[in-house]
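Engineer: fold the stuff below for me.
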Amino acid sequence: MRGKMLWFNEEKDHGFIATAEGERLHLPGSGFAGGKRLRGRCAGLEVEFEVTERGGERMATGCVPVEEVVPRRARRHGSRAR
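Structural biologist: Below you'll find the predicted structure:
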């Protein structure tokens, strides 16, 4: 599932994700895949995750940032000044 980070507090070790359907899910620090927590500003960052239920609460687990591929710029040919 995909969504966007609302915020993540490194000191409190938790945050929230907004799903595409508008649901707000808790993201514990242990909810990141491979233990790689986000650092710094992450609001609005697109992430992929799974939804699990613990004690009747839905939360995000297996969270990883989605890396967007930036297209390469085309090179100009023959426009160099000699």
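
Engineer: and the residue nearest to the spatial centre of the chain, how close does it get to residue 14?
Structural biologist: In the chain, the centroid-proximal residue (Cα atoms, centre = their mean) is residue 47; its distance is 2.8 Å. With distances taken as Cβ to Cβ, to the nearest Å, residue 47 is found 14 Å from residue 14. The C-beta positions use only the backbone N, C-alpha and C, and glycine is treated the same way.

Engineer: please apply the same query to residue 73.
Structural biologist: Shown here: residue 73 relative to residue 14, a distance of 40 Å by Cβ to Cβ.

Engineer: these two: who's more crowded?
Structural biologist: The neighbour count for residue 73 versus residue 14, taken as other Cβ atoms under 10 Å, is higher for residue 14 (16 against 6).

Engineer: which residues touch the more buried one?
Structural biologist: 8, 26, 27, 28, 29 (Cβ atoms under 8 Å, 6 or more residues apart in numbering).

Engineer: mind redoing it with 6 Å?
Structural biologist: The neighbourhood of residue 14, defined by Cβ atoms under 6 Å, 6 or more residues apart in numbering, consists of residue 28.

Engineer: pLDDT at it, what is it?
Structural biologist: Per-residue confidence at residue 14 stands at 92 (pLDDT).

Engineer: please renumber the chain so that the first residue is 75 from this point on.
Structural biologist: Understood, numbering begins at 75; the last thing we discussed is residue 88.

Engineer: report the beta-bridge partners for it.
Structural biologist: Counting by DSSP bridges, residue 88 is bridged to residue 83, residue 102.

Engineer: rewinding a little: which residues does the residue nearest to the centre of the chain bridge with?
Structural biologist: Judged by DSSP bridges, the bridge partners of residue 121 are residue 77, residue 139.
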